[in-house]
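Peer 1: Provide a 3D model corresponding to the input given below.
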Amino acid sequence: MEQGERRKFIELWWPRLKRMCVICFLLDEYWEDHHIWSCKRVKDELCRVGVKDWAVKKIQSKYETASCCYRCSRPGDMCEAAQVGLSQGCLEPDMIVPVVVMGWLVEEMGLKGIVEEVAGREIKDVHDLFGWMMRRHYERTLSYWGTRGFAVWVEMMMLNKKRFEEELGEEFESGSGCSDEEMKSNEEWDEESD
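Peer 2: Purely as a prediction, here's the structure:
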């Protein structure tokens, strides 16, 4: 699939993906009653390997300077807040770090190979993974300069593209990706989360 199609898919689906637990969706578990940042499965799996809070671990691991929005982990030119140098003011959830970590950690997701393929090496442990994925990826991903974690996340989403379209596709038939009613609901949800 060409980069333009891949980019369109990610940009079109981002509004929906950020409002669901992608991890539980990919694990065929109930995903509609929570978001990725409040997922008990994420917390439990990471605690099992000595990481109490993925967001704290992300901060401790330190992104390479100017590699992405430090809040949502998307490339700086994909995040509106980061584009104007206000990464700390970004209101988007980070869906990249938890999905990549869980994809590597949880065998049932079947995504560990993608991480190690992009890395070009075996990842030793979760601490090695955090350190590796926070670094700049020196190839463009969807025409963006971003982190290694973003490059892996895109590959994970593309591997599951057909599943997203088949199971959630009816919600995205309009050109904008959302119905007027859903757009209004998104705006109300965004206002509540402020």
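
Peer 1: How about the contacts made by R7?
Peer 2: L142, S143 (C-beta atoms under 8 Å, 6 or more residues apart in numbering). To be clear about C-beta, it is placed using only N, CA and C from the backbone, and glycine gets the same treatment.

Peer 1: any weak-confidence spans in the chain?
Peer 2: Within the chain, the stretches with pLDDT under 70 are 1, 83, 85-88, 170-194.

Peer 1: ok, and the closest non-adjacent residue to the residue nearest in space to the middle of the chain?
Peer 2: Taking C-alpha atoms, centre = their mean as the criterion, I96 is the residue nearest the geometric centre of the chain, at 2.4 Å. Closest residue to I96 apart from its sequence neighbours, by C-beta to C-beta, 6 or more residues apart in numbering: S73 at 3.9 Å.

Peer 1: So the one you found sits against P93, correct?
Peer 2: No: contact criterion C-beta atoms under 8 Å: S73 and P93 do not qualify, at 9.6 Å.

Peer 1: circling back to that earlier point, help me confirm that the residue nearest to I96 is found in a helix?
Peer 2: No: residue assignment for S73, taken from DSSP: H, G, I helix; E, B strand; the rest coil, gives coil, which places it outside any helix.

Peer 1: Now do the contacts for it.
Peer 2: K58, Y63, D94, M95, I96, V97, T147, G149, F150, W153.
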